[in-house]
Each structure stands twice: as structure tokens, then as C-alpha cells.
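Visitor: sequence and predicted structure below; questions after.
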Amino acid sequence: MVALAFILRLAGGVTTYLALPVYGHAGDEEQAAGFTYTDAYRRDAQAWELASSDRPILDAFNSRFSSDQYGGLLALCAFLYRYLSPDAHRTLLLVIMSALMGALGVPFLWKAADLQWGEKAATASGWIFALYPESVLLGGVPMREPYLLAFSAFCLWGFVSLRTERHMRRSAAGNLPPETGRLLREERPRNDIFESDKKPLLWLALGILGMLLVSPSVALVTLVILGGWLYFTSERGRFPWQAAVLLAVVFISGLFLLSSALDRGSLGGGGPLGVIQNFIRESLKWNAFKIEEGSGWVQKLFDEMPDWMQLPFVMLYGVLQPVLPAILIAPTTIVWKVIGILRALGWYAMLPALILAFWSGPGPGAESNRAERRIQTWLSLIVWAWILFTALRGGGDQWDNPRYRVILFLWQAILAGQVWVWWRETRNAWAGRVIAMEIVLVAVFAQWYLNRYLHLGAQLPFAWMVVLILAAWVLIAAWGVWRDRAYRV
């Protein structure tokens, strides 16, 4: 699994590096250099500029180098160039490193999922994490996402392993006679608790530190995820004060690092929270404007709809990116057609699983089942909040939006793996019904794109398309509810 993940990412990176100059869009500077992402092209150029100069690597955190918002990944790329390839600009060196980091998260994810949810869920989540097309594409270029996914996997394994070890110790002490259990609890902290906890703590700390260097905002989100996990699985909702203090210290540190990085763009004052708030507000406005200016039919729809509907429309449009019917039908070069179809198929295969994650999983029963249920609900809420936020943040862009979304792909893969195991064990009919709803959506928009690009069939007004899709969804849901009740009777 790990070897295949690495080979796919490396092969994808090398293939696009060689194919884009030949089969990419003519006149595009980034594609002529073999890059799929503009950010990767600029970061690579500035990393080589810094590495081949006499300036220190820490200059990557200087505002002079604007290709990397936070500076951490640029510093790493410059370090690799300076000490592993000082004589020539070997771009594939960074591709190898990205592929390695993209694959490195697989064993940590598998081990953590195996400890928490069992081998079946771990295997399903691991394969999804290894094979997801968007992750494979990003793992073949010098972008921050493969690094963040690896760091997230480090954190997950450290966190789950730490909780598992402590739970096993408490269980063992609880099964002993009272006096023996008390002595065990008193003696172990002085002797070997730190030793047994050291490895998980080190990986958890390494993951958080790596995120703080590459993207402090993701470190903050990860702390929120882990903090919620602790809260919803603790007895009677009690939160360990030691964990609360540690999370608060790291969270505040990350907040200042994030605001410092964003403040490079002169986003006004008001302290860390003010800078971050200004950045989010301005970026949402800019991306909504960008999608309107970049698409004639979106501009037409914006003119027809009230102002309050524009941001929700951008959000929904972003959730559907990359739009599968558009990729299948819109004309483009062969290399972008293949990349686009794979990316869209991957996302449209994930969507039903992420929707079903709210209802799948352990049913009511033992306390352990209720705890597992709370974890899955919490992760589902976080994942969907992130999907909706990145849909707004990316402005419905078919490249930025999926790239931002994949930052939390580790948690998406976990949910999708659990849903897969749940469906295999229950054969729940609602999985097929949710997929049928998605097929209706794709079919209606496919007809619209066929008319737009190939002039086949009649073009339905956008409002009619929405009504048609919603009506079909209501019919599918109503039929499903009726069938379920009929079977129960």
C-alpha cells in the first residue's frame, strides 16, 4: 500500500513534468516548465534562487519571498536544493520529496485507524488515502498538501496511540484488587509512564510542529479536531486540564504565527484575530468576484439572483468542483482531460460516503458504541464545515477549491473507510439512494453542458434545472422512506 502510494505520486509527478511542456496549453509559462500549479512553479523558482545565493535559508520567512505564504515549505525546498543539488536546478528532487511525504502518511493512518476502529476500517481508509486522485496529483508537485497530510497522520497516530495506551493502563489497574491498583497508579507515573508515552507524544508534537511551519491555520484546525475528540469521548464531558492547557498554549502560538504570516499582506490591525478576520472576509469577497468575472454564465446568473443568494451559490458550486459533466464534455488538451476526469471521478465517489457518514457507524448500545458514534459525528461536522468553508475560500475555482479541500483529506478518508465497512456489513439501501441522487445531479448538468458545448438538445433555464433536481431528490427520498416503512411492517 505504501509502495504503491509512493510510485503513483512519483509517476504522476514525472509524467506531468514531461507531458505538460508538449501537451499542455501553449503559451502558459508554468505548463511549459512542467508544473500543474502556479504556486508550485513560483515556489520552485524562489527556492532555487535562495538556495543558489549566499543568503541564509531562514530568509525564506522574509516577505521578499511571496510565493510561500508562511515560508516553511519554501525553506525546506531551498534547503534540499542547497545541500542535495547545489550544482544544478533539479526540479524532480522536490517531486521525489513530495511523493515520499504523500506516501508516508499511509502507515501512520493505517496504524491509528486499526487501533481506533479495527483492521477493516483501517484497510479501507488506507487504500482511499493512497489512491485518491487529487492527493496523488498533489503528491507529485512541490505543494504543501502532501506535507500537511503526512503531518496530520503523525498527529492522528500519536493521539490515538497515547489514548489507547492510557486506556489500557486504566483498564488493567481497574481489574486488579483495589490496593494493588492504587499502588500501580501511584508508581507508574514515577517510573515508566513517560517512557511508554514518549513515542506517541513525539509524533504528535512533530506533526503539530510541521503544520505550524507549513500552515499554522491547519495546525489550529487539527487542535480543534483533537480537542473536540477528547471532549466528546471523555466521561461526562469532562476535559483533562493538562490537555486543555497544552492545547491552549499551542493554539495561541499558532494563532500568532498565522496572523504574523497573513500580516505580510497588510490586512489591517486589530491583533491576531483582527488580521485573520480581515483576511477571511477579503478573500471571500475576492473569490466571489473572481468566479463571476471568470465565467460568463455565472455572471449572468449573478445578475438574475438577489445578492443574498450569491455566496450560497458560490459555496454550492465550490462543493461540486471539479464538476464532472464539465470535465467530460468541455474541450481541452488530452493531458488536462485525463487529469480532470480522474480528479472529478475521485471526488464524486467520495461525496456519497461523506454524506452517509452522518448516519452510518455504530448504533445505540454500549458506552463504547456511543463514544464511537460521537467521534464519527464530530469528524463529520468538522469535515463538512471545512468543505463548505473551502468552497467559499476557493471561490468555486476548479483548482484552488479541491486543493484547499484535500488539506483535511485524512479525516475524509477515515469517514469514507468507515462508511465502506458499514455498507459492506449492512448493505443499507440508503447508500444506493444517495448515489442515485448524485447521478440525477450529474445527468441534468451533463445535458446542460452538452447543449452549451455541442449544441445537443434544448437548454433548460438554470432555475428549472434546480427544480428538476430537487424534485427528483424528493421522489427518491420519499420512495426510500416508504420502502423502509413497508419492510418494517
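Guide: That came in fine, so what should we check first?
Visitor: pLDDT below threshold where in the stretch 1-150 of the chain?
Guide: 63-68 (pLDDT under 70).
Visitor: quick one: the helices in it?
Guide: Ranges of helices within the stretch 1-150 of the chain are 2-23, 29-32, 38-51, 72-84, 92-117, 119-131, 133-138, 145-174, based on DSSP state H, counting those that start in this stretch.
Visitor: show me what the shortest one is packed against.
Guide: Applying 3 or more C-beta pairs under 8 Å, 6 or more residues apart in numbering; DSSP states H and E, we find helix 29-32 packed against helix 2-23, helix 38-51. (Each C-beta comes from the backbone N, C-alpha and C, glycine too.)
Visitor: can you list the buried residues in that helix?
Guide: Glu30, Gln31 (16 or more other C-beta atoms under 10 Å).
Visitor: domain ranges for this protein?
Guide: Per automatic domain parsing, the domain ranges recorded for the chain read 2-34+91-426, 437-488.
Visitor: average pLDDT for stretch 463-475?
Guide: For stretch 463-475, mean pLDDT is 93.
Visitor: show me what that stretch is in contact with.
Guide: For stretch 463-475, contacts defined as C-beta atoms under 8 Å, 6 or more residues apart in numbering pick out Met437, Val440, Leu441, Val444, Phe445, Trp448, Leu460.
Visitor: what about these, which are in strands?
Guide: Judged by DSSP state E, strands contain none of the contacts of stretch 463-475.
Visitor: just to revisit the earlier point, turn the helices of the stretch 1-150 of the chain into JSON lines, including distance to Ser360.
Guide: Shown next, in JSON lines, are those (distance: least, C-beta to C-beta, whole Å):
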{"stretch": "helix 2-23", "distance to Ser360": "25"}
{"stretch": "helix 29-32", "distance to Ser360": "41"}
{"stretch": "helix 38-51", "distance to Ser360": "36"}
{"stretch": "helix 72-84", "distance to Ser360": "36"}
{"stretch": "helix 92-117", "distance to Ser360": "12"}
{"stretch": "helix 119-131", "distance to Ser360": "11"}
{"stretch": "helix 133-138", "distance to Ser360": "22"}
{"stretch": "helix 145-174", "distance to Ser360": "20"}
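Visitor: which of the ones you listed sits most buried?
Guide: The highest average neighbour count among the helices of the stretch 1-150 of the chain, using mean count of other C-beta atoms under 10 Å, belongs to helix 133-138 at a mean of 24.
Visitor: chain center to that one, what's the gap?
Guide: Averaging C-alpha positions (C-alpha atoms, centre = their mean, to the nearest Å) puts helix 133-138 11 Å from its chain's average.
Visitor: what is it packed up against?
Guide: The contact analysis (3+ C-beta pairs under 8 Å, 6+ apart) places helix 133-138 against helix 2-23, helix 92-117, helix 145-174, helix 334-356, helix 400-405.
Visitor: quick one: which of the ones you listed is nearest Leu202?
Guide: helix 145-174 (7.3 Å; C-beta to C-beta).
Visitor: run the chain-centre distance for that closest one.
Guide: 19 Å.
Visitor: and the angle for that helix with helix 119-131?
Guide: 170 degrees (axes from the mean of the first three to the mean of the last three C-alpha atoms, to 10 degrees).
Visitor: specify the angle between helix 145-174 and helix 72-84 in degrees.
Guide: 100 degrees.
Visitor: what helices or strands is helix 145-174 leaning on?
Guide: In terms of contacts (3+ C-beta pairs under 8 Å, 6+ apart), helix 145-174 is packed against helix 92-117, helix 133-138, helix 178-191, helix 193-214, helix 216-233, helix 409-426.
Visitor: how about these in a markdown table, adding distance to Val314?
Guide: Below are the helices and strands packed on helix 145-174 laid out as a markdown table (distance: least, C-beta to C-beta, whole Å):
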| stretch | distance to Val314 |
| --- | --- |
| helix 92-117 | 29 |
| helix 133-138 | 20 |
| helix 178-191 | 53 |
| helix 193-214 | 27 |
| helix 216-233 | 20 |
| helix 409-426 | 21 |
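Visitor: out of these, the one nearest Met1 is which?
Guide: Closest among the helices and strands packed on helix 145-174, using C-beta to C-beta: helix 92-117, at 5.7 Å.
Visitor: which elements pack onto the closest one?
Guide: helix 2-23, helix 72-84, helix 119-131, helix 133-138, helix 145-174, helix 409-426.
Visitor: for Ala33, give me its contacts.
Guide: By C-beta under 8 Å, 6+ apart, the residues touching Ala33 are Pro21, Tyr41, Thr91.
Visitor: same thing with Gly207?
Guide: Contacts of Gly207 (C-beta under 8 Å, 6+ apart): Phe151, Ser152, Ala153, Phe154, Cys155, Leu156, Gly158, Thr222.
Visitor: can you tell me how far the spatially closest residue to the second one that is not a sequence neighbour is from Phe108?
Guide: So that's Ser152. Leaving aside its chain neighbours, Ser152 sits nearest to Leu410 (4.4 Å; criterion: C-beta to C-beta, 6 or more residues apart in numbering). From Leu410 across to Phe108, the span is 9 Å (C-beta to C-beta, to the nearest Å).
Visitor: between those two, what contacts are shared?
Guide: With C-beta under 8 Å, 6+ apart as the test, Leu410 and Phe108 both reach Ala153, Leu156.
Visitor: point out where the stretch 251-400 of the chain drops to low pLDDT.
Guide: Within the stretch 251-400 of the chain, the segments meeting pLDDT under 70 span 251-299, 361-368, 395-396.
Visitor: repeat that for 50
Guide: Counting by pLDDT under 50, the ranges of the stretch 251-400 of the chain that qualify are 258-259, 262, 265-276, 279.
Visitor: report the rounded mean pLDDT for stretch 478-489.
Guide: Average pLDDT, stretch 478-489: 85.
Visitor: residues making contact with it?
Guide: Here stretch 478-489 makes contact (C-beta under 8 Å, 6+ apart) with Ala429, Trp430, Arg433.
Visitor: recalculate using a threshold of 10 Å.
Guide: Identification of contacts with stretch 478-489 by C-beta atoms under 10 Å, 6 or more residues apart in numbering yields Asn428, Ala429, Trp430, Gly432, Arg433, Val434, Ala436, Met437.
Visitor: tabulate those residues in CSV, adding columns for neighbour count, distance to Leu213 and secondary structure.
Guide: Listed next are the contacts of stretch 478-489 as CSV, based on neighbours: other C-beta atoms under 10 Å; distance: C-beta to C-beta, whole Å; DSSP: H, G, I helix; E, B strand; the rest coil:
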residue, neighbour count, distance to Leu213, secondary structure
Asn428, 16, 43, coil
Ala429, 12, 47, helix
Trp430, 18, 42, helix
Gly432, 14, 44, helix
Arg433, 19, 44, helix
Val434, 21, 39, helix
Ala436, 16, 45, helix
Met437, 21, 41, helix
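Visitor: report the contact partners of the nearest residue to Trp127 once chain neighbours are set aside.
Guide: Sequence neighbours aside, Met1 is the residue nearest to Trp127 in space, at 6.6 Å (criterion: C-beta to C-beta, 6+ apart). Met1 sits next to Ala103, Val106, Pro107, Leu109, Trp110, Thr123, Gly126, Trp127, Phe129, Ala130, Leu131 when contact means C-beta under 10 Å, 6+ apart.
Visitor: just checking, the residue nearest to Ser152 touches Ala112?
Guide: Yes. Under the criterion of C-beta atoms under 10 Å, Leu410 makes contact with Ala112 at 9.4 Å.
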